[in-house]
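A.B. asks: sequence and predicted structure, then a few things I'm wondering about:
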Amino acid sequence: MKSIKVVAAVIHHDGEILATQRGYGEFEGGWEFPGGKVEPGETPEEALVREIHEELATTVDVERFVYEVNYDYPTFHLNMRCYLCSVIGAKPTLLEHKAACWVDAGTVDELDWLPADIEVVQALKDQGII
């Protein structure tokens, strides 16, 4: 089975986290944490800053690692390292996603999260991040 390594940003602000809705591909419409693949020669943190700039036209401060999920989708294995981040640039602008919203502990479960991201949401609850 193909294995994909990605990084994801848990962007937080005032007790809320940013969720993004996929606008393309096999999982279009599902909610996720923004991010993407680590390119050769990049650290996970460098990849995350690049990916967020490409997807949301903003800059983030990667504060700390929060969770790693390994999930087997039907056609590939996903390894996703998640980092707590804050926006230090312009307000996020959607370049690749269909929608975005800020959620807190009371609203986070209202979204139709992608399977791997469900595990991340639970970890964020367990850690008191949301």
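C.D. replies: Received it, and whenever you're ready, just let me know what you need. Residues are numbered from 1 along each chain as shown.

A.B. asks: Lys125 touches Ala105, doesn't it?
C.D. replies: Yes. Proximity of Lys125 to Ala105 meets the contact threshold set by C-beta atoms under 8 Å, at 6.7 Å. In short, each C-beta sits where N, CA and C put it, glycine included.

A.B. asks: strands of this protein, start to end?
C.D. replies: 2-13, 16-22, 31-32, 35-37, 60-72, 76-87, 97-103 (DSSP state E).

A.B. asks: gap between the closest residue to Gly35 other than its chain neighbours and Leu124?
C.D. replies: Distances taken as C-beta to C-beta, 6 or more residues apart in numbering place Ala8 nearest to Gly35, at 3.7 Å, with adjacent residues excluded. Relative to Leu124, Ala8 is positioned 11 Å away (C-beta to C-beta, to the nearest Å).

A.B. asks: the closest residue to Ile11 other than its chain neighbours: neighbour count?
C.D. replies: Residue nearest to Ile11 in three dimensions, not counting chain neighbours: Leu18, with 4.1 Å by C-beta to C-beta, 6+ apart. The local packing of Leu18 (other C-beta atoms under 10 Å) involves 21 other residues.

A.B. asks: so what sits opposite Leu18 in the bridge?
C.D. replies: Trp102 (DSSP bridges).

A.B. asks: ok, it touching Pro92?
C.D. replies: Yes. Leu18 is within contact range of Pro92, at 6.8 Å (criterion: C-beta under 8 Å).

A.B. asks: residues shared between the contacts of the two?
C.D. replies: Common contacts of Leu18 and Pro92 (C-beta atoms under 8 Å, 6 or more residues apart in numbering): Ile11, Ala100.

A.B. asks: for Glu28, see how far away the residue nearest to Ile52 when sequence neighbours are not counted is.
C.D. replies: What sits nearest to Ile52 in space, not counting adjacent residues and going by C-beta to C-beta, 6+ apart, is Val60, at 4.9 Å. In this structure, Val60 and Glu28 are 24 Å apart, going by C-beta to C-beta.
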